[in-house]
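Asks: Sequence below, structure please.
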Amino acid sequence: HIPQGPVCTNLGLKPGQRLTVKGKIAPNAKSFVMNLGKDATLLGLHFNPRFDAHGDVNTIVCNSKKVEEWGAEHRETVFPFQKGGTAEITFGVNQNDVTVHLPGHQFKFPNRLNLSVFDYFDTQGDFTLQSLSWE
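Replies: All right, here's what the predicted structure looks like:
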């Protein structure tokens, strides 16, 4: 069972805005997830750093989900997370993609669902949310 963290709705993130997430990673972390989308069924970005899960080691897997249909997985091999450490991740919303800012690295994930507003955010897994801010 994956522990479910806080769920935020009605965020109203539009292109040009950013969401910054800060928190702690569990000392025995296997993986954690951050979802950003319209609601729980339409996820524009499923962000899943895996320390050791589903056959992936120290890999970030991203995807999108439309109701029950997942898209193609996108993998990033840069892995700036440490078990028991803290994490700060910023998601920049653009018209055509979401830019994920990690410590010392960034990458873009396409806005496959053409969402004009990102209202929904949640965290799951081995991560404790400490703060959430957007601008």
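
Asks: While we're on the closest residue to Glu88 other than its chain neighbours, how confident is the model there?
Replies: Nearest residue to Glu88, sequence neighbours excluded (CB to CB, 6 or more residues apart in numbering): Lys22, at 4.9 Å. Every C-beta, even on glycine, is put in place using the N, C-alpha and C of the backbone. Per-residue confidence (pLDDT) for Lys22: 97.

Asks: hang on, Lys22 packs against Thr90?
Replies: No - using CB atoms under 8 Å, Lys22 makes no contact with Thr90, being 9.7 Å away.

Asks: Which of those two has more residues huddled nearby?
Replies: The residue with more neighbours, out of Lys22 and Thr90, is Thr90; 17 against 14, by other CB atoms under 10 Å.

Asks: and the helix or strand hosting that one, what does it pack onto?
Replies: Thr90 is part of strand 86-93, with elements assigned from DSSP states H and E. In terms of contacts (3 or more CB pairs under 8 Å, 6 or more residues apart in numbering; DSSP states H and E), strand 86-93 is packed against strand 18-25, strand 32-37, strand 42-53, strand 97-102.
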